[in-house]
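Asker: Next one to model:
(one chain, ligands or ions: 1)
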Amino acid sequence: MKRGVPIDAVKFNQSAWDKMAAAGDKYYHGMTPEQIEKARNSEFRIRVTPTRPVPDQWLAPIKGSSVLCLAGGGGQQGPLLAAAGAKVTVFDLSEIQLQRDLEIAKRENLPLATAQGDMRDLSCFENEKFDLIISPCATCFCPTVEEIWTESFRVLKPGGSLIVGFINPVYYIFDAAKLDRGKFEVRHQIPYCDFDLPEETRQKLLGPDRPLEFGHSLEDLIGLQLKAGFELTGFYEDGWGDNDKLSSMINVFIGTKATKPKS
Ligand SMILES: C[S@@+](CC[C@H](N)C(=O)[O-])C[C@H]1O[C@@H](n2cnc3c(N)ncnc32)[C@H](O)[C@@H]1O
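Answerer: Sure thing, here's the model as predicted:
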């Protein structure tokens, strides 16, 4: 049942991500000194989905390029790319996630800038500032996604690319409580939002502090990138890893590379 979103979802998610990062959730484990040292020698892999690295050829050349890690806080992608020689700005909703990047940058003596905000509003950046945008899975935390694509298009230089990971909407159609027990029961429509769950189930399944999620259609996730002016230049799929039941049936993550035409 569609109930709408009775709260400011982005404000709620900012506080939820701050709490998760402060509590030492897995997203807060930043890169180790060993991983940074390897990245200085160009040995690094970047992930925008849980397990599969972004293909190397999607990233070249990194040295000297201007890179925006969009919704990329937590001390992972940003410090690696900075160590590999990119001029990095990490943009994220959560101040605590951004602190992880700054801590690692300080520890490793890496130049790295941060900016805090909602990824749908990049007005703090001028047009055509970046060569590359890398965005690990975060569209699921935004009620709408079209602005992410139009703003990314605006701040990229002609010929620049947006590499983004997101969740296949099929992930959200199942009854989440039963899915945890390995039972596939189709229950929800796409677009989905956590407020579609009955209140009691939502509280029981997600608790009061977990970030709110939204299941966007593929038309919104891919079609609207094309509408913003991008050309799709790369595509792959990935799963959760471990023993995730749904991922053993279908890959539920997608990575795309979209390029802003030169003219
Ligand atoms: C799954 S984490 C991805 C980043 C992390 N470096 C990684 O590789 O897993 C999602 C990130 O998106 C951020 N985020 C959530 N909603 C956002 C929004 N509306 N605008 C910007 N960042 C957002 C969160 O604070 C979090 O750092």
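
Asker: Would you map the strands across the stretch 151-263 of the chain?
Answerer: Taking DSSP state E, counting those that start in this stretch, the strands of the stretch 151-263 of the chain run over residues 156-167, 192-193, 214-215, 231-238, 253-259.

Asker: can you give me how far the next helix or strand after the third one is from the chain middle?
Answerer: Right, the one you point to is strand 214-215. Once the chain leaves strand 214-215, the next helix or strand it forms, by DSSP states H and E, is helix 218. Remark: helix 218 is offset 16 Å from the chain centroid, using CA atoms, centre = their mean, to the nearest Å.

Asker: Can you pull out the residues in contact with helix 218?
Answerer: For helix 218, the external contacting residues (CB atoms under 8 Å, 6 or more residues apart in numbering) are N168, P169. Just so you know, the C-beta spots here come from the backbone N, C-alpha and C atoms, and that holds for glycine as well.

Asker: Whichever residue of the stretch 151-263 of the chain sits closest to the ligand - how many residues pack around it?
Answerer: Here the residue of the stretch 151-263 of the chain nearest the ligand is P211; by CB to the nearest ligand atom that distance is 6.5 Å. The criterion is other CB atoms under 10 Å. On that basis, P211 has 21 neighbouring residues.

Asker: show me the contacts for it.
Answerer: Going by CB under 8 Å, 6+ apart, P211 touches F12, N13, A16, W17, M20, F141.

Asker: These: which ones sit near the ligand?
Answerer: Subset of the contacts of P211 in contact with the ligand: N13, W17, F141, counting by CB under 6 Å from any ligand atom.

Asker: Out of these, the closest to V48 would be?
Answerer: Proximity of these to V48 (CB to CB) peaks at F141, which lies at 14.3 Å.

Asker: didn't the closest one look like it was pressed against F12?
Answerer: No - in this structure, F141 sits apart from F12 without contact. The criterion is CB atoms under 8 Å, and the distance is 9.8 Å.

Asker: Pull up the overlap in contacts between the two.
Answerer: With the criterion set as CB under 8 Å, 6+ apart, the overlap between the contacts of F141 and F12 is P211, L212.

Asker: and the stretch 1-150 of the chain, which residues reach the ligand?
Answerer: Counting by CB under 6 Å from any ligand atom, the residues of the stretch 1-150 of the chain that sit close to the ligand are 10, 13, 17, 27, 71-74, 76-77, 92-94, 97, 118-119, 136-138, 141-142.

Asker: From those, which land in strands?
Answerer: Cross-referencing these with the strands (criterion: DSSP state E) gives D92 as the overlap.

Asker: Quick one: residues contacting R210.
Answerer: By CB under 8 Å, 6+ apart, the neighbours of R210 are A16.

Asker: how about it, phi and psi?
Answerer: Backbone dihedrals for R210, given as degrees, to the nearest 10, come out at phi -80, psi 140.

Asker: So that it lines up with my notes, have the first residue be 43 from now on.
Answerer: Okay, residue one is now 43; in that scheme the one you just asked about reads as R252.

Asker: just for the stretch 43-192 of the chain, where's the confidence low?
Answerer: Counting by pLDDT under 70, the stretch 43-192 of the chain shows low-confidence ranges at 43-45, 67-70.

Asker: Now stretch 91-101: buried residues?
Answerer: Neighbour-count burial for stretch 91-101 flags T91, P92, R94, P95, V96, W100, L101 (criterion: 16 or more other CB atoms under 10 Å).

Asker: residues in contact with the third one?
Answerer: R94 sits next to Y278, D280, G297 when contact means CB under 8 Å, 6+ apart.

Asker: again, only this time at 7 Å
Answerer: Y278, D280 (CB atoms under 7 Å, 6 or more residues apart in numbering).

Asker: Right, I'll call it a day here.
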